[in-house]
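1. How does the following fold in three dimensions:
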Amino acid sequence: MSTSDTAQLLYLGILGGVIAFWFFVQNRQSLGKLTQQALIWVFIFIGAIAAVGLWEDIRNTVTPGQAVFAEAGRIELPRAPDGHYYLTAQVNGTPVTFVIDTGATNIVLSRDDAAAIGFDPGALQFIGRATTANGEVRTAPVRLDEVAVGPISDRGLRAFVNEGALDRSLLGMDYLQRFSSVEISGGTLILSR
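-> Coordinates of the predicted model:
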């Protein structure tokens with residue numbers, strides 16, 4: 001904290017103290033009621049801070065996540081608030097969150113996900129081309145040792161690393177066709193083997 005920040009904090013503390021002192025002096029006849037109301041506001045303030053700090057945990061608890069039913073060979077993915085379906089898979093042992101994209105042919109990795117998995121995007125050969133909603137991009141072919149969702153696992157899958165800007169990796173039809181059934185029911189995408 002700089003000297004300027006400390007001085008501003010000290011000034012605000014003194015100003016707050018003076019305002020609080022004036023408020024208590026003006027309302028000394030009803031001090032019990034004033035204290036009760038002040039405590040209510042303190043608890044509201046603490047509750048608001050806790051809600052902001054814990055929002056991600058609250059959202060994850062309220063919003064259902066993907067479910068894997070190993071004995072049935074089924075994966076259930078709830079529709080996200082943005083309308084998409086997301087699947088988190090272990091790719092070569094690293095968790096990667098994919099957007100299910102029936103408009104994509106292949107598994108397409110973002111450069112960040114490719115690097116997290118262990119590919120060096122700088123050393124890849126971007127020799128392929130793909131047409132996307134944002135125009136044509138170059139792609140680099142790679143081979144994934146394993147893509148696993150719980151006990152459901154596929155080995156030696158072909159994928160492509162997108163050279164362009166891609167927020168999330170995509171699971172296209174090449175992967176979805178490995179399932180005997182792809183169904184949407186009640187806002188849930190169900191992949192069955």
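2. contacts, neighbours, all on C-alpha from now
-> Noted.
3. would you list every one of the strands in the chain?
-> For the chain, strands defined by DSSP state E occupy the ranges 67-69, 74-78, 86-91, 94-100, 107-109, 128-132, 135-149, 152-162, 169-171, 181-185, 188-192.
4. From I75, how far out is the residue lying closest to A80 once chain neighbours are set aside?
-> Leaving aside its sequence neighbours, A80 sits nearest to Y86 (C-alpha to C-alpha, 6 or more residues apart in numbering; 7.4 Å). Separation of Y86 from I75 (C-alpha to C-alpha, to the nearest Å): 11 Å.
5. Would you mind measuring the gap between the ends of stretch 181-189?
-> The straight-line separation of the ends of stretch 181-189 (C-alpha to C-alpha) is 10 Å.
6. lowest confidence element among the helices and strands of this protein?
-> Here the helix or strand of the chain ranked lowest by mean pLDDT, DSSP states H and E is helix 55-62, holding a mean of 62.
7. Dump the strands of the chain into CSV; add distance to A115 as well.
-> Listed next are the strands of the chain as CSV, based on distance: least, C-alpha to C-alpha, whole Å:
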stretch, distance to A115
strand 67-69, 27
strand 74-78, 26
strand 86-91, 12
strand 94-100, 11
strand 107-109, 9
strand 128-132, 19
strand 135-149, 12
strand 152-162, 10
strand 169-171, 12
strand 181-185, 30
strand 188-192, 28
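8. Select, out of those strands, the one closest to I14.
-> Proximity to I14, assessed across the strands of the chain by C-alpha to C-alpha, is greatest for strand 94-100 (49.7 Å).
9. Just the buried residues of the closest one, please?
-> The neighbour-count criterion (16 or more other C-alpha atoms under 10 Å) identifies 94-100 as the buried residues of strand 94-100.
10. Please apply the same query to stretch 167-182.
-> With burial defined by 16+ other C-alpha under 10 Å, the residues of stretch 167-182 counted as buried are 168-176.
11. can you give me the mean pLDDT across that stretch?
-> In this model, stretch 167-182 carries a mean pLDDT of 91.
12. How about stretch 156-164?
-> Rounded to a whole number, the mean pLDDT of stretch 156-164 is 91.
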